[in-house]
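In: any chance you could fold what I've pasted below:
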Amino acid sequence: MNRRVLCGWAAGALVAFLIGCGGGGETKTVTVESNEPAPEGTAAPEGTATPSATPGPDGQAAAIAESAGTADGEPVRFVLTELRRSGPTVVLNARLELGEGTSAAQVASTFDDGVFQRLENDETEPGDVFDGVAMVDAEGRKKYLVARDETGRCVCTNALNGQFAREDSAVQLTATLTAPPAEVTQIDLLIPHFETLRGVAISE
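Out: Have a look, this model is predicted:
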């Protein structure tokens, strides 16, 4: 699936509607209106990864949780640095780092949800995007997806087909997701091709 550049959006917090669908628990995604565009920039999860609190490399945000996985056939780490509630949405920030013994790994479709997304203007999202990540409230049996703007485009990092994680540079990832109810303070984070992050706290 090809998609276009839209790295970290500043979601202009206007909710248009919620979409729900069944199938082993309710799935929710929110549509938001973004006031300004951002600059450039599934396989089922396996196993369990536990939250951590390790300092980041120089100039990088500290990790609140990490998960092991693969990209481009190479071992890599998904490092979660922020999961913060913002009105009707949750802002997720993370980075992709190389695993031990790896010199480079192309992101490509690693985080893509694999769904062909037709936009309202009859275009399609160009470039591989970070829309396969999702939050799960296991107790409430609900899954919360990446938000989309009024045209259907994901509010997340785009153009990952040309992005590489290297020894001296991680790939920055961001997404805005539908927020669960306020009483839900911890979730499981599903990440394509990575171990599930269990019991991650949502900050306010």
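In: ok, Asp122 to Ser203 distance?
Out: Between Asp122 and Ser203 the distance is 39 Å, computed by CB to CB, to the nearest Å. Quick note: C-beta positions are derived from backbone N, CA and C, even for glycine.
In: please identify which of the two sits among more neighbours.
Out: Looking at Asp122 and Ser203 with other CB atoms under 10 Å, you find the greater number of neighbours at Ser203, namely 12 against 6.
In: what helix or strand is the nearest residue to that one once chain neighbours are set aside located in?
Out: For Ser203, ignoring the flanking residues on the chain, the nearest one in space by CB to CB, 6 or more residues apart in numbering is Arg84 at 4.7 Å. In the assignment (DSSP states H and E), Arg84 maps to strand 74-86.
In: need the CA coordinates for the helix or strand that that strand is followed by. PDB is fine.
Out: Reading on from strand 74-86 to the C-terminus, the next helix or strand found by DSSP H and E is strand 89-98. Taking only C-alpha atoms (Å, rounded to 0.1, in the frame of the first residue of the first chain), the coordinates of strand 89-98 have been written out as PDB:
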ATOM      1  CA  THR A  89      -7.500  11.300  21.200                       C
ATOM      2  CA  VAL A  90      -4.300   9.800  22.500                       C
ATOM      3  CA  VAL A  91      -0.900  11.000  21.100                       C
ATOM      4  CA  LEU A  92       1.700   8.300  20.600                       C
ATOM      5  CA  ASN A  93       5.400   9.000  19.900                       C
ATOM      6  CA  ALA A  94       8.000   6.300  19.400                       C
ATOM      7  CA  ARG A  95      11.100   5.500  17.500                       C
ATOM      8  CA  LEU A  96      12.500   2.500  15.600                       C
ATOM      9  CA  GLU A  97      16.100   1.500  16.700                       C
ATOM     10  CA  LEU A  98      18.400  -1.100  15.300                       C
END
